[in-house]
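> I need the structure of the sequence given here:
(one chain, ligands or ions: 1)
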Amino acid sequence: MLRAAMPMTRVVSSRLYLAGAAVAGMLVGLGVAAAAVRALVRRVSRPMEEMSEAARSFSEGRYETRMQPAPAELGRLSDAFNEMADRLARTYAELEENNDKLAGILQGMDDGILATAPDGRYLLLTDRTRHLLGNPAGGWEEGNINDGGPNYLLIRDILRSAAATHAPVRGEIHVTIPEERVLQVFATPLHAPREEGALAVVSDVTRLRRLEQVRSEFVANVTHELKTPLTSIRGYVELLKGGERDPQTTAQFYEIIEIEAERLQALIDDMLQLSEIEGNRDDPGTVQAVSLAEVAAETAERLAPVAEKAGVAIHTELDPTLTLRASRLRLEQLFYNLVENAVKYNQPGGEVRISVRRERKFTVVTVADTGIGIPEEHHDRIFERFYRVDKSRSRQLGGTGLGLSIVKHIVTLYNGDISVVSHPGQGTLFIVRFP
Ligand code: ADP
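Below is the predicted model:
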């Protein structure tokens, strides 16, 4: 029989050893586990942090931000995010491009565009609008239409009425700054998703309104001009029908009728000329190199009897080499009207000088007289149709008030310009310049 024994102290110490080993093993195990967990958490949380950083950067408008590739599930998330980011970046770029295109179109428009929020802040104000209305007082990028100054307040009122009625409103305003203009404003409410403002299209109709006015004035003038001689003719015809008159009176009446009929004829001829020139109805076949000296000399000859009767001498100073590509008939009309006026509005013993010369790159025609002259305040207006400085004098001399208007139209037709220098009592100088 074998019996093994061990002293109790050793038993106790080996139990202690075992317990120690077990604790140490556990600690090592825990340590390893903790390290493993930490590594795992790191693997997940680092990309998560990066992802949330990327998402924040993206949300702040840096659309080029992309997520790093990440492992496993997170990888799918980062791929999805990057795909979404690609799409959003593309959409944003397209939107920006469209915006630029739209802004380009709006800026390039001949009409001004202006849009405001309900509180009056500018949402859009194109360069053309600022050209038509002037720069708004109080700036425009951060500004408000309520502080924009008188022109902007006029537009604001139209915008307000469009916003209030929820319907388009058309209005017309007259501005004097930066220039005298008539502006048509078409305002329409803006149904933006968040705030409701209004948009105005501002068109410059100054020229149109002026043309309309000129046309209606022209019709009124023509009617008046035709009526005067017609009334006179009818009056004398009535008188002649009315009873026996002595032959001298009868002859006088016939003469008046003849003068009035001639006046009617002159008026109609002048109006026809004007409308032909305005309609630019020059037969291209009639445009040729015309010697200005030749036309000037012919005009002087044609008017010689009239000038002689008026006691006026006509002198010429003509460069025979100068020609102009034009219709000869138009040039005859031009010279005739200028020289006839110079004789008509002259005084006995007076002179008329016609000159045709070259001045640097221009061909210059001048008609100077020593006549009654034209006061300065009329200089701008004498080229208007039916404008006369002295109505009764012009009528008496058989004027239609259309001569200078015809001249101006012909000069413009051939790209020239005309100016006048005149002092009452001293005479008048008309200068026509062709390039
Ligand atoms: P009209 O048929 O009345 O002469 P125009 O158009 O030729 O019409 O001229 C317009 C006005 O300009 C005339 O009525 C006249 O008052 C003035 N005018 C034109 N030419 C002269 C001139 N050479 N001297 C003075 N006044 C002139």
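> pretty sure residue 159 is in a helix, no?
Yes: using DSSP: H, G, I helix; E, B strand; the rest coil, the assignment for residue 159 is a helix.
> not counting sequence-adjacent ones, nearest residue to it?
Spatial nearest neighbour of residue 159, excluding adjacent residues (C-beta to C-beta, 6 or more residues apart in numbering): residue 198 at 4.0 Å. From N, CA and C alone the C-beta is placed, and that goes for glycine too.
> and residue 66, by the same measure?
Nearest residue to residue 66, sequence neighbours excluded (C-beta to C-beta, 6+ apart): residue 82, at 5.0 Å.
> count the residues that sit near the one you found.
By the criterion of other C-beta atoms under 10 Å, residue 82 has 16 neighbours.
> for the strand or helix carrying it, what is the average pLDDT?
Using DSSP states H and E, residue 82 falls within helix 72-108. The average pLDDT for helix 72-108 rounds to 88.
> direction included, what does the helix or strand following it pair against?
For helix 72-108, the succeeding helix or strand toward the C-terminus, using DSSP H and E, is strand 112-116. Partners of strand 112-116 in the sheet, by DSSP bridges, are strand 122-125 (antiparallel), strand 196-204 (antiparallel).
> can you lay out the ones you listed as JSON lines showing mean neighbour count?
JSON lines is the format used below for the strands paired with strand 112-116 (neighbours: other C-beta atoms under 10 Å):
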{"stretch": "strand 122-125", "mean neighbour count": "18"}
{"stretch": "strand 196-204", "mean neighbour count": "20"}
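> ok, which of the ones you listed comes nearest the ligand?
Evaluated over these, closeness to the ligand peaks at strand 196-204, with 30.1 Å, by C-beta to the nearest ligand atom.
> so the residue nearest to residue 66 touches residue 68, yeah?
No: at 9.5 Å, residue 82 and residue 68 do not qualify as touching, with contact defined as C-beta atoms under 8 Å.
> residues from the protein in reach of the ligand?
With C-beta under 6 Å from any ligand atom as the criterion, the chain meets the ligand at residues 337, 341-342, 345, 369, 371-374, 382, 387-390, 394, 399-405, 428.
> sort out for me which of the residues you listed are in helices.
337, 341-342, 394, 403-405 (DSSP state H).
> who does the residue nearest to residue 159 bridge with?
Bridge pairing for residue 198 - DSSP bridges - gives residue 116, residue 189.
> would you mind giving me the confidence score for it?
If you check residue 198, the pLDDT there is 93.
> helices or strands up against the longest helix along the chain?
Identified as the longest helix of the chain according to DSSP H is helix 8-59. When contacts are defined as 3 or more C-beta pairs under 8 Å, 6 or more residues apart in numbering; DSSP states H and E, helix 8-59 packs onto helix 72-108.
> elements contacting the helix it packs on?
Helix 72-108 packs on helix 8-59, going by 3+ C-beta pairs under 8 Å, 6+ apart.
> how about 6 Å then?
With contacts taken as 3 or more C-beta pairs under 6 Å, 6 or more residues apart in numbering; DSSP states H and E, helix 72-108 sits against no other helix or strand.
> what angle do strand 196-204 and that helix make with each other?
For helix 72-108 against strand 196-204, the angle by axes from the mean of the first three to the mean of the last three C-alpha atoms, to 10 degrees is 30 degrees.
> tell me the average confidence for stretch 340-347?
Mean predicted confidence for stretch 340-347 is 94.
> actually stretch 18-38, sorry about that
The average pLDDT for stretch 18-38 rounds to 91.
> residue 363 contacts residue 432, correct?
No: using C-beta atoms under 6 Å, residue 363 is not in contact with residue 432, being 8.7 Å away.
> these two: which is more packed in?
residue 432 (24 against 19).
> re earlier: could you work out the most separated pair of the ones in helices among the residues of the chain next to the ligand?
The span of those, defined through C-beta to C-beta, is set by 342 and 405 at 16.6 Å.
> comparing those two, which residue is more hemmed in?
Using other C-beta under 10 Å, the more surrounded residue of residue 342 and residue 405 is residue 342, with 27 against 22.
> ok, that one touching residue 367?
Yes: counting by C-beta under 6 Å, residue 367 is a contact partner of residue 342 at 5.3 Å.
> so what does the helix or strand hosting residue 366 touch, helix or strand wise?
Using DSSP H and E, residue 366 falls within strand 362-369. Of the remaining helices and strands, those touching strand 362-369 by 3+ C-beta pairs under 6 Å, 6+ apart are helix 328-344, strand 351-359, strand 427-434.
> can you give me the strands in the stretch 251-400 of the chain?
287-291, 313-318, 323-327, 351-359, 362-369 (DSSP state E, counting those that start in this stretch).
> can you redo those strands as CSV with mean pLDDT and distance to residue 88?
Shown next, in CSV, are the strands of the stretch 251-400 of the chain (pLDDT from 0 to 100; distance: least, C-beta to C-beta, whole Å):
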stretch, mean pLDDT, distance to residue 88
strand 287-291, 91, 65
strand 313-318, 94, 79
strand 323-327, 92, 65
strand 351-359, 95, 69
strand 362-369, 96, 65
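> out of those, which is the most enclosed?
Compared across the strands of the stretch 251-400 of the chain, strand 362-369 shows the largest average neighbour count, a mean of 21 (mean count of other C-beta atoms under 10 Å).
> measure the closest residue to the ligand within the stretch 51-200 of the chain to residue 204 for me?
When scored by C-beta to the nearest ligand atom, the stretch 51-200 of the chain has residue 180 as its residue closest to the ligand, at 25.3 Å. For residue 180, the distance to residue 204 equals 11 Å [C-beta to C-beta, to the nearest Å].
> now do residue 79
56 Å.
> try residue 83
50 Å.
> kindly report the same for residue 286.
Note on residue 286: its distance to residue 204, by C-beta to C-beta, is 37 Å.
> residue 4 - that's part of a strand, no?
No: Residue 4 is assigned coil when assessed by three-state DSSP, not a strand.
> report how many residues lie close to it.
4.
> state the pLDDT value of it.
76.
> tell me how far it lies from residue 17.
To residue 17, residue 4 is 19 Å away according to C-beta to C-beta.
> pLDDT value on the closest residue in space to residue 68 that isn't next to it in sequence, please?
Using C-beta to C-beta, 6+ apart and skipping the chain neighbours, the partner closest in space to residue 68 is residue 50 (5.8 Å). With respect to pLDDT, residue 50 has a value of 83.
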